[in-house]
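Q: Predicted model, plus sequence, below.
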Amino acid sequence: VGTSMLCHDSLQFGDYKLDEAAWESLTPQWRDFSFNLLKENMSSLYGDEWSDQEKHDELADPTARYLLVEQPSDTHRDEQMISWEPCGYMHFRFVEEEGLAVVYVYELQLASSVRRRGLGRYMDQLCEQIARNRNMDGVILTCFTHNVSALKFYVGLGYEESPHSPSNCIVDLKGYATEHLKGARAKMMQGMVQEQANYKIMCKLWTEHAHEILRQFAEQSVKDFIMEALNAVDNELAATSEKQQVDRRSDVSMDVCGQPNIKRARQ
């Protein structure tokens with residue numbers, strides 16, 4: 001669709017102006033703003049998993065594209081020459097997701113002062129328009145399971161949890177552990193599963209065929225994970241058993257006075 005995916009130099013939404021750009025074309029002001037806003041909005045949700053360097057590298061990826069939102073500066077609102085300042089953005093990429101061509105939304109971040117004004121919904125509509133104009137299969141994003149307000153927002157925009165979302169796979173894995181495993185293996189398997197379920201993959205796909213592709217991928221992923229998890233559980237149980245045998249041999253090597261029998265301990 002030309003050099004601009006929006007087919008316009010810029011778009012207007014109320015008092016706000018939207019433009020499309022790649023990272024390399026962003027001004028230093030925009031680069032600083034995008035990272036600082038992301039950290040302000042998201043670092044507490046990431047907790048100990050947050051990394052300044054990783055997030056900066058993610059924003060600066062050569063394949064990253066941006067919808068930039070600007071508002072008139074307070075000091076210039078009443079003047080004929082308007083000065084604009086950053087207030088939000090969407091970071092997205094064109095990717096292949098399990099064989100589907102999709103727009104993958106990495107971030108949708110708005111300053112607190114401009115939320116609940118329809119900007120997020122409008123940006124999502126633009127994102128969907130971009131995907132449809134490029135004959136892609138849909139839009140996909142991820143969201144923390146504990147970010148309840150964001151999940152509610154995306155569901156309101158028409159997103160649904162993808163068949164290959166970890167949370168959907170978790171249900172199958174827990175069922176497998178309950179139905180097929182017993183004792184220590186079942187407990188360890190369920191513990192491993194719980195560590196996986198901290199985010200959801202949300203999607204907006206155009207066709208049932210695209211949904212079916214992700215369902216098939218999810219089924220295979222569950223099978224693969226079960227095998228990997230079982231191997232990890234069995235390896236850990238084997239290591240624990242071996243350690244217990246070593247400990248028992250060490251106990252036997254103690255003489256009646258409680259002193260180690262060095263010769264036996266070395267065998």
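A: That came in fine, so what should we check first?
Q: Which positions within the helix or strand hosting Leu45 qualify as buried?
A: For Leu45, the host element (DSSP states H and E) is helix 28-46. The neighbour-count check on helix 28-46 (16 or more other Cβ atoms under 10 Å) flags 30, 33-35, 37-39, 41-42 as buried. For glycine as for every other residue, the C-beta is placed from the backbone atoms N, C-alpha and C.
Q: could you give the mean pLDDT of it?
A: For helix 28-46, the mean per-residue pLDDT is 96.
Q: Quick one: the strands in the chain, in order.
A: 11-13, 16-22, 65-72, 84-97, 100-110, 138-144, 160-161, 199-205 (DSSP state E).
Q: Using TSV, lay out the ones you listed together with mean pLDDT.
A: TSV is the format used below for the strands of the chain (pLDDT from 0 to 100):
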stretch	mean pLDDT
strand 11-13	90
strand 16-22	94
strand 65-72	95
strand 84-97	96
strand 100-110	97
strand 138-144	96
strand 160-161	95
strand 199-205	95
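Q: Just give me the closest of the buried residues of helix 28-46 to His180.
A: Nearest to His180, judged by Cβ to Cβ, of the buried residues of helix 28-46 is Met42 at 38.1 Å.
Q: who are the neighbours in contact with the closest one?
A: 50, 109 (Cβ atoms under 8 Å, 6 or more residues apart in numbering).
Q: residues near Asp137, how many?
A: As a burial measure, Asp137 scores 23 neighbours (other Cβ atoms under 10 Å).
Q: packing partners for the longest helix anywhere in the chain?
A: Longest helix of the chain, by residue count under DSSP state H: helix 208-252. With contacts taken as 3 or more Cβ pairs under 8 Å, 6 or more residues apart in numbering; DSSP states H and E, helix 208-252 sits against strand 100-110, helix 166-180, helix 183-196, strand 199-205.
Q: switch the cut-off to 6 Å
A: Contacting helix 208-252 under the criterion 3 or more Cβ pairs under 6 Å, 6 or more residues apart in numbering; DSSP states H and E are the following elements: helix 166-180, helix 183-196.
Q: who does the longest one touch, helix- and strand-wise?
A: Contact partners of helix 166-180 among helices and strands, from 3+ Cβ pairs under 6 Å, 6+ apart: helix 183-196, helix 208-252.
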